[in-house]
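Enquirer: just coords:
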């Protein structure tokens with residue numbers, strides 16, 4: 001039996017599909033699992049031993065080009081699971097409508113929750129559970145706990161960690177960025193934590209820490225996270241990388257909330273948020289600036305609170321700096 005999983009982007013969402021595929025492989029070890037995605041995700045997915053083949057496309061390919069490519073490759077699969085439900089994956093569904101099963105992303109429910117603050121029951125489920133549901137129903141798989149659907153990437157944990165805390169201070173939208181990372185780093189330095197910065201974007205050149213920002217590929221970022229005791233991140237792709245390699249993870253959430261299905265409700269994960277603001281969430285994907293002008297969802301999260309979560313997550317004595 002050959003199965004095709006379809007998810008093109010973004011990197012965090014691609015990572016979130018891995019635990020579902022891992023469970024599928026455990027329940028059906030003889031099945032052959034292929035993954036269709038954008039070329040930019042190739043190196044990351046190559047770290048997943050339970051994926052037998054990765055097929056990539058260029059995001060600039062035309063509608064007709066994609067249709068004929070999807071039509072050709074679709075014949076080789078017994079089942080096709082669309083875990084994206086966007087325009088590109090719709091093309092695949094059009095080319096093979098009887099083989100393709102899509103997941104429900106609850107787009108309307110999420111937008112109504114933002115605008116009206118009315119919560120539908122569908123928003124109670126984590127996105128990994130939503131990914132698993134169509135596969136489970138189609139292949140008659142058993143129920144699975146959230147932890148068993150945890151994102152999974154096949155990296156071995158090191159005996160010695162290169163860093164105590166790795167920080168990803170960036171995000172796709174400004175309202176998802178906590179503004180006090182520089183202050184947090186100074187506290188970590190005073191307490192002898194070895195700190196590294198990862199990601200892409202501008203950041204102050206702070207002495208006494210390791211700067212990897214704007215210098216590393218996705219698979220290199222993944223390895224740095226794996227070689228660190230703890231990750232601190234905004235709501236972004238590297239947050240899910242930390243979960244996938246089972247690194248202690250502290251996620252800081254501002255304009256986005258748990259109802260969107262992406263909170264790290266897994267072992268060794270902690271969530272920091274302002275949960276008493278009626279203006280949250282203000283957008284499904286975040287905004288360039290706070291629509292009310294105060295940005296209290298992030299500004300009211302203190303450095304002390306985040307540092308306390310770090311100490312709770314990694315209670316061991318930090319390594320002495322070199």
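Expert: Cool, the structure landed. Quick caveat: nothing in here was measured; it's all calculated off a predicted structure. Residues are numbered from 1 along each chain as shown.

Enquirer: against residue 185, how distant is residue 194?
Expert: 11 Å (Cβ to Cβ, to the nearest Å). Placement of C-beta: from N, CA and C, glycine included.

Enquirer: identify the contacts common to these two.
Expert: residue 209 (Cβ atoms under 8 Å, 6 or more residues apart in numbering).

Enquirer: what pLDDT does the nearest residue to residue 285 once chain neighbours are set aside get?
Expert: Leaving aside its sequence neighbours, residue 285 sits nearest to residue 173 (Cβ to Cβ, 6 or more residues apart in numbering; 6.4 Å). What the model reports for residue 173 is a pLDDT of 98.

Enquirer: and for residue 6, the neighbour number?
Expert: 24 (other Cβ atoms under 10 Å).

Enquirer: from what I can see it touches residue 86, true?
Expert: No - counting by Cβ atoms under 8 Å, residue 86 is not a contact partner of residue 6; they are 9.8 Å apart.

Enquirer: so which bits of the helix or strand encompassing residue 224 are buried?
Expert: Residue 224 belongs to helix 218-226 when assigned by DSSP states H and E. Within helix 218-226, the residues that count as buried by 16 or more other Cβ atoms under 10 Å are 218, 219, 221, 222, 223, 224, 225, 226.

Enquirer: which stretches of this structure have low pLDDT?
Expert: The model of the chain has pLDDT under 70 over residues 315-322.

Enquirer: can you list the domains in it?
Expert: 2-149, 163-313 (automatic domain parsing).

Enquirer: okay, those, which one's buried deepest?
Expert: Comparing these by mean neighbour count (mean count of other Cβ atoms under 10 Å), domain 163-313 comes out on top with a mean of 19.

Enquirer: pretty sure residue 249 contacts residue 239?
Expert: Yes - counting by Cβ under 8 Å, residue 249 does reach residue 239; the two are 6.5 Å apart.

Enquirer: quick check: neighbours shared by these two?
Expert: Shared contacts of residue 249 and residue 239 (Cβ under 8 Å, 6+ apart): 231, 233, 264.

Enquirer: and which of the residues you listed is nearest residue 294?
Expert: residue 233 (23.4 Å; Cβ to Cβ).

Enquirer: where do the helices sit along the stretch 101-250 of the chain?
Expert: With helices called from DSSP state H, counting those that start in this stretch, the stretch 101-250 of the chain shows them at 107-116, 127-139, 181-190, 218-226, 237-244.

Enquirer: how about the nearest residue to residue 260 once chain neighbours are set aside, what does it touch?
Expert: Leaving out its chain neighbours, the residue that sits closest to residue 260 by Cβ to Cβ, 6+ apart is residue 110, at 5.9 Å. Residue 110 sits next to 123, 259, 260, 284 when contact means Cβ under 8 Å, 6+ apart.

Enquirer: possible to save the residues you listed as JSON lines with distance to residue 273 and secondary structure?
Expert: Formatted as JSON lines, these follow (distance: Cβ to Cβ, whole Å; DSSP: H, G, I helix; E, B strand; the rest coil):
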{"residue": "123", "distance to residue 273": "16", "secondary structure": "helix"}
{"residue": "259", "distance to residue 273": "12", "secondary structure": "helix"}
{"residue": "260", "distance to residue 273": "12", "secondary structure": "helix"}
{"residue": "284", "distance to residue 273": "16", "secondary structure": "coil"}
